[in-house]
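Asks: 3D, please:
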Amino acid sequence: MRTSPSRTAGRKLISVAAVSAALLAATATSAAVAQTPAARAETATPANDAAATPAERLIVGYKSGAAEARSDKAASADAEAKGKEAGEDLDFRRRLGTGAALVDLGERLGRADVADVMAEYRADPQVAYVVPDRLNTPQAEPNDTEYGKQWDLFEATAGMNVPGAWSTSTGSGVTVAVIDTGYVTHSDLAANIVAGYDFISDPAVSVDGDGRDADPADPGDWYATDACGAGTGAGNSSWHGTHVAGTIAAVTGNGRGVAGIAYGAKISPLRVLGKCGGYDSDIIDAITWASGGTVAGVPANTNVAKVVNMSLGGAGACTSATQSAITAAVNRGTTVVVAAGNENSNTSGFSPSSCGNVVNVAATNRTGSRASYSNYGTLVDISAPGGQTSTGTAGGILSTLNAGTKTPGTESYAYYQGTSMATPHIAGLVALMKSANPSLTPAQIESALKANARALPGTCSGGCGAGLADATRTVQAVSGTGGSTGTTFTSTSPLAVPDAGSAVESPITVSGRSGNAPSTLKVGVDITHTYRGDLVVDLIAPDGSAYLLKSSSGSDSADNVNTTYTVDASSEGANGTWKLRVQDVAAQDTGTLNSWKLTF
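Replies: Numbers count the residues shown, from 1 in each chain. Just a heads-up that it's a prediction; the model follows:
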């Protein structure tokens, strides 16, 4: 079996039988270098407005002649007295190096309450100033000149919320293996490239004139008319692996080019795709070697990867040979991230996206809907920006590239689109997670990705996994600073949904949890039905409370029942029997509740 990377608009992502080029769609040539404002190293400056911000503490400066300026006991008594006046519980904490007093408000108060307390201090003629003890965080907005075009990282609607994660993790200490076309030298990537390997064993595919060696340089994967099969036409070199690598770990903060998601991580380029694609056998060896396994005739890997990115695939279900390599890699602690494919079909018919133990990634566009080319289905785990452009380039994914049409030319940047582009977004996020918490297993990583995703801002027919990945929430979750830890309870017992009949209920018993359910309880639903508009879907809490997930409507196509809903269930005890209730309220159609899950 041969697989190929994406190449030009209108072509399939990976076609094994025809070895056709992938729908990665280079929709523009090199991006012009446009200046954007440089990053600011911002810190909070005391505001004169008493109601500037919610706060947990105040910093109080007393005038030099005041007893409170010299005596902690006096400052403590003053805090207690002013708290009584404002109706709050204040507590003197300590003396700062400047002589000011740090006063605890007892709990995080809202703006109005903070204003009341500060007004009491300001009314005291012995107080020189009072300001909130505000929380400062590193300002990670990069100064890379093309960063403003990377909507996929930061836009509120359909971006992946990456900048907020950088104050916690940049991917330092993690190597990501990019199993692809290799790497063509690029100054915006070079500092983050470590040794890889060329695994292409067939000189007819390799283009570089030899078989396997330690040089993963990409010589180009262009092909002449119909050289890859009848009707395949001709194609220029894609430099696909370099584009993928730039999304993951382009050097960031260097005043030029683009920003990488895990810019503190390293990229190990493993070359498996050449002219017309690449063979399963080479990909299997690359997976094995990347994750620290042994491959005969290949030196031991000194840059073992904890993340593997495979923006590739082919028609047909996962074989036992490929599955064996992936399972072994995961057992060694490496997370394998794969593209769902660009055929606008169910991903179950393609490999490696149909393999087990992988993170299967679908692509979304700039509105947050499933990209029209993206594969879908119950095997999709998560969605990420893959871009989509019909005219112009603003909806594509900008990353590092090369201007050579056949052999390497000058380095450049270009917009591509495809699940090939969505996949490195998740691989980069996994690197951030692994750097923030090195003890994470691949299973825990997958669970946290899903638990901390947000609902797609747009629409998805066919199944787009848990939703759109959210980098900030996910990294905070695994580093212990917020988010959901991602414990999942699942029901996989199919249940028939009768036509215009009574409601059916599928139970899940939750145990071992403490306290109440979260305010962002995730409810994943997989239902097959011939007219989804007929369905009403509710989540039933253990005490019988009902939470409407989906109401009925007169439309089939607009009702995507197969999605992950978010429910504020914080008033419910977590433990007990939860139920998914499904009812068909109109005639002529039937269906099946295939499975559903709760992620706390």
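Asks: just the mean pLDDT for stretch 591-600, thanks.
Replies: When pLDDT is averaged over stretch 591-600, the result is 86.
Asks: how many neighbours does residue 403 have?
Replies: Residue 403: 14 surrounding residues under other C-beta atoms under 10 Å. (Glycine included, C-beta is placed from N, CA and C.)
Asks: surely it touches residue 409?
Replies: Yes - taking contacts as C-beta atoms under 8 Å, residue 403 lies within contact range of residue 409: 4.4 Å.
Asks: tell me which element residue 105 falls in.
Replies: Using DSSP states H and E, the element containing residue 105 is strand 101-109.
Asks: please, where are all the helices along the chain?
Replies: 72-86, 111-122, 151-154, 203-206, 240-249, 280-290, 320-331, 419-436, 442-451, 471-479 (DSSP state H).
Asks: and the fifth one, what does it pack onto?
Replies: Taking 3 or more C-beta pairs under 8 Å, 6 or more residues apart in numbering; DSSP states H and E as the contact definition, the neighbouring helices and strands of helix 240-249 are strand 175-180, strand 266-271, strand 397-402, helix 419-436.
Asks: any chance of those in CSV with mean neighbour count as columns?
Replies: Shown next, in CSV, are these (neighbours: other C-beta atoms under 10 Å):
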stretch, mean neighbour count
strand 175-180, 31
strand 266-271, 28
strand 397-402, 29
helix 419-436, 31
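Asks: out of these, nearest to residue 71?
Replies: Residue 71 lies closest to helix 419-436 among the helices and strands packed on helix 240-249, at 43.7 Å (C-beta to C-beta).
Asks: what helices or strands is that closest one leaning on?
Replies: strand 175-180, helix 240-249, strand 307-310, strand 335-339, strand 359-364, strand 382-385, helix 442-451, helix 471-479.
Asks: need these in CSV (columns: distance to residue 90 and mean pLDDT).
Replies: Shown next, in CSV, are the helices and strands packed on helix 419-436 (distance: least, C-beta to C-beta, whole Å; pLDDT from 0 to 100):
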stretch, distance to residue 90, mean pLDDT
strand 175-180, 50, 98
helix 240-249, 48, 98
strand 307-310, 48, 98
strand 335-339, 48, 98
strand 359-364, 48, 97
strand 382-385, 46, 98
helix 442-451, 38, 93
helix 471-479, 30, 90
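Asks: ok, which of the helices and strands packed on helix 240-249 comes nearest residue 255?
Replies: Residue 255 lies closest to strand 397-402 among those, at 15.4 Å (C-beta to C-beta).
Asks: which residues does the closest one contact?
Replies: For strand 397-402, contacts defined as C-beta atoms under 8 Å, 6 or more residues apart in numbering pick out 26, 30-31, 146, 149-150, 152, 184, 186, 188-189, 237, 239, 242-247, 250, 257-258, 385-387, 408-417, 421.
Asks: where does pLDDT dip in the chain?
Replies: Low-confidence segments of the chain (pLDDT under 70): 1-55, 107-111, 134-141, 390-393, 480-486, 512-514, 554-562.
Asks: tell me how far the residue most central in space within it lies from residue 184.
Replies: Central residue of the chain (C-alpha atoms, centre = their mean): residue 469, 3.7 Å from the mean position. In this view, residue 469 and residue 184 are 28 Å apart by C-beta to C-beta, to the nearest Å.
Asks: tally of neighbours for residue 577?
Replies: That count, for residue 577 with other C-beta under 10 Å as the rule, works out to 13.
Asks: please begin residue numbering at 56 from this point
Replies: Sure, I'll start numbering at 56, so the last one becomes residue 632.
Asks: for it, list the residues it contacts.
Replies: Per C-beta under 8 Å, 6+ apart, neighbours of residue 632: 562-565, 597.
Asks: mark which of those residues are buried, thanks.
Replies: Buried subset of these (neighbour count, 16 or more other C-beta atoms under 10 Å): 563, 565, 597.
Asks: verify the stated contact: residue 579 with residue 621.
Replies: No - applying C-beta under 8 Å, one finds residue 579 not in contact with residue 621, separated by 10.5 Å.
Asks: ok, these two, which is more surrounded?
Replies: residue 579 (22 against 17).
Asks: roughly how far does that one sit from residue 122?
Replies: Counting by C-beta to C-beta, the gap from residue 579 to residue 122 is 62 Å.
Asks: and what of residue 607?
Replies: In this view, residue 607 and residue 122 are 71 Å apart by C-beta to C-beta.
Asks: who's more crowded, these two?
Replies: residue 607 (16 against 13).
Asks: who's in contact with that one?
Replies: Counting by C-beta under 8 Å, 6+ apart, residue 607 touches 588-591, 640-641.
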